[in-house]
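1. got a structure for you, letters missing:
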Ligand code: SF4
């Protein structure tokens with residue numbers, strides 16, 4: 001005899017539920033979250049609550065978190081849950097000069113969710129950092145950027161063809177977003193991942209460094225406060241394997257100290273603070 005469970009929802013009730021859910025996503029009261037962690041001295045100043053949002057439009061060859069790519073694989077999370085967590089850590093943020101970082105994946109795939117979180121932080125004086133490739137920068141409206149204390153702008157390459165090879169996408173939206181940030185007076189930390197044989201070409205680095213130096217001239221003060229050159233490492237390899245994805249950098253070694261020094265120098269000769 002079949003077990004007697006609750007009756008299935010009627011088609012009309014199911015449709016109403018779907019509409020309400022989509023409305024909540026559009027308004028930013030529901031988001032797809034991969035994970036979160038409390039970190040110090042990375043992803044911005046002080047101790048930070050870093051929330052990794054699910055979903056990304058890029059497919060970087062060196063991605064350490066390919067498990068964040070699919071927005072459907074995240075946990076649907078009410079924004080109130082994140083805001084509650086932020087309030088709990090407010091004392092820690094205040095005593096360490098820290099705050100909240102939204103990372104991913106790509107947080108600007110869910111701009112309304114980001115806007116809700118950052119507006120909450122801004123109203124409480126909590127520092128906010130947006131870790132983004134800038135590819136979807138056009139989705140961030142001015143009010144979201146007003147509530148953003150710092151943008152961690154990941155510039156993955158300076159030459160359009162190398163950018164495309166590295167990420168599968170176009171470089172132009174990131175460059176446009178960076179210029180907009182500098183013109184608005186947003187603080188920026190640039191991040192550049194140095195991958196031997198992929199992003200390390202002298203001309204590619206010159207293109208990144210020239211662009212970053214041009215942002216300084218657009219801004220009124222120091223738009224770009226620092227450039228972080230991040231050496232490629234193999235820590236993400238096992239995730240690619242677990243997901244059954246062909247990992248393109250299987251044989252790639254981390255950059256040598258000499259290569260790191262050359263690239264750092266390419267930024268520093270342009271008057272940029274790089275480390
Ligand atoms: S932008 Fe970040 S999350 Fe997206 S593919 Fe690149 S490294 Fe991975």
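-> That came in fine, so what should we check first? Quick caveat, the model's predicted, so the values are computed rather than measured.
2. OK, contacts around residue 201?
-> Counting by Cβ atoms under 8 Å, 6 or more residues apart in numbering, residue 201 touches 159, 162. Yep, even glycine has a C-beta here, placed from its N, CA and C like the rest.
3. That one and residue 207: what is the separation?
-> 9 Å (Cβ to Cβ, to the nearest Å).
4. swap in residue 155?
-> Taken as Cβ to Cβ, the span from residue 155 to residue 207 is 10 Å.
5. Compare those two (neighbour count), which wins?
-> Between residue 155 and residue 207, counted using other Cβ atoms under 10 Å, the more crowded position is residue 155 (24 against 20).
6. can I assume the more buried one is in contact with residue 211?
-> Yes - when contacts are counted by Cβ atoms under 8 Å, residue 155 is listed as touching residue 211 (7.2 Å).
7. overlap in contacts of these two?
-> Residues touching both residue 155 and residue 211 by Cβ under 8 Å, 6+ apart: residue 178.
8. how many neighbours does the residue in the stretch 101-250 of the chain positioned nearest to the ligand have?
-> Residue nearest to the ligand within the stretch 101-250 of the chain (Cβ to the nearest ligand atom): residue 133, separated by 4.4 Å. Residue 133 is flanked by 26 other residues according to other Cβ under 10 Å.
9. Isn't it up against residue 168?
-> No - counting by Cβ under 8 Å, residue 133 stays clear of residue 168, with 11.5 Å between them.
10. which residues sit against stretch 178-190?
-> Taking Cβ under 8 Å, 6+ apart as the rule, stretch 178-190 contacts 44, 134, 137, 142, 145, 148-153, 155, 208, 211-212, 215-216, 218-221, 223-228.
11. tell me the mean pLDDT for that stretch?
-> The average pLDDT within stretch 178-190 is 96.
12. same thing with stretch 103-110?
-> 97.
13. Would you mind listing the outside residues contacting it?
-> Contacts for stretch 103-110 (Cβ under 8 Å, 6+ apart): 25, 28, 31-32, 34, 43, 50-58, 65, 68-69, 71, 74, 114, 130-133, 135-137, 139-140, 152.
14. can you give me the offset of it from its chain's centre?
-> 6 Å (Cα atoms, centre = their mean, to the nearest Å).
15. who in the stretch 151-275 of the chain is up against the ligand?
-> Residues of the stretch 151-275 of the chain lying close to the ligand (Cβ under 6 Å from any ligand atom): none.
16. about what we covered before: could you list which residues are in contact with the residue of the stretch 101-250 of the chain closest to the ligand?
-> 58, 106, 153-154, 156, 167, 174.
17. what are the ranges of the strands in the stretch 51-200 of the chain?
-> Counting by DSSP state E, counting those that start in this stretch, the stretch 51-200 of the chain has strands at residues 75-78, 99-103, 127-132, 150-154, 187-194.
18. Check those strands for me and report the most buried one.
-> Looking across the strands of the stretch 51-200 of the chain with neighbours counted as mean count of other Cβ atoms under 10 Å, the highest average goes to strand 99-103: a mean of 27.
19. any idea of the angle that strand forms with strand 127-132?
-> 10 degrees (axes from the mean of the first three to the mean of the last three Cα atoms, to 10 degrees).
20. Can you give the strand pairings for strand 99-103, parallel or anti for each?
-> According to DSSP bridges, strand 99-103 has the following sheet partners: strand 47-53 (parallel), strand 127-132 (parallel).
21. Please, where are all the helices along the stretch 51-200 of the chain?
-> Using DSSP state H, counting those that start in this stretch, the helices found in the stretch 51-200 of the chain span residues 79-88, 90-96, 111-123, 142-146, 160-167, 172-184.
22. Make JSON lines out of these and add mean neighbour count.
-> Formatted as JSON lines, the helices of the stretch 51-200 of the chain follow (neighbours: other Cβ atoms under 10 Å):
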{"stretch": "helix 79-88", "mean neighbour count": "15"}
{"stretch": "helix 90-96", "mean neighbour count": "15"}
{"stretch": "helix 111-123", "mean neighbour count": "20"}
{"stretch": "helix 142-146", "mean neighbour count": "15"}
{"stretch": "helix 160-167", "mean neighbour count": "18"}
{"stretch": "helix 172-184", "mean neighbour count": "19"}
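23. Out of these, which is closest to residue 19?
-> helix 111-123 (16.3 Å; Cβ to Cβ).
24. Which residue is the nearest non-sequential neighbour of residue 138?
-> residue 173 (6.7 Å; Cβ to Cβ, 6 or more residues apart in numbering).
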